[in-house]
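Asker: predicted model and sequence below, questions to follow.
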Amino acid sequence: MRQLCQSCTQDRTLFLQQLVVLAKKQKECTQAWWEEDLAQEDRWQAEDLVFCAKLLALKLKQIQVLWE
């Protein structure tokens, strides 16, 4: 009986260790995804700023032409 309990405990310990390893890997993957998502957001914001600057320049030219 004692050997059976010991075996069950070892199995559970191994299982829990595997769960910890998987949880750490999942955390690393999630963090990498999150960092990539933030980087993509930064790229989109930079592109938006460039677009807005170009649009404002065109609006300014339009106003200048209308006032001539």
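Answerer: In hand now; what should we look at?
Asker: what helix or strand is the residue most central in space within the chain located in?
Answerer: By C-alpha atoms, centre = their mean, the chain has its centre lying nearest to Trp34, at 1.5 Å. Trp34 is located in helix 2-67, with elements delineated by DSSP states H and E.
Asker: pLDDT on that helix, on average?
Answerer: Across helix 2-67, pLDDT averages out at 90.
Asker: centre of the chain to that helix, how far?
Answerer: 0 Å (C-alpha atoms, centre = their mean, to the nearest Å).
Asker: with stretch 60-68 instead?
Answerer: 44 Å.
Asker: from here on, count from 724
Answerer: Fine by me, first position is 724 from now on; the one you just mentioned is stretch 783-791.
Asker: just the CA atoms of that stretch, as PDB, please.
Answerer: Extracted in PDB, the C-alpha atoms of stretch 783-791 (Å, rounded to 0.1, in the frame of the first residue of the first chain):
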ATOM      1  CA  LEU A 783      -3.200  74.000 -46.400                       C
ATOM      2  CA  LYS A 784      -2.400  74.000 -50.100                       C
ATOM      3  CA  GLN A 785      -6.100  73.900 -50.900                       C
ATOM      4  CA  ILE A 786      -6.800  76.900 -48.600                       C
ATOM      5  CA  GLN A 787      -3.800  78.800 -50.100                       C
ATOM      6  CA  VAL A 788      -5.100  78.100 -53.700                       C
ATOM      7  CA  LEU A 789      -8.600  79.300 -52.700                       C
ATOM      8  CA  TRP A 790      -7.300  82.500 -51.300                       C
ATOM      9  CA  GLU A 791      -5.200  83.400 -54.400                       C
END
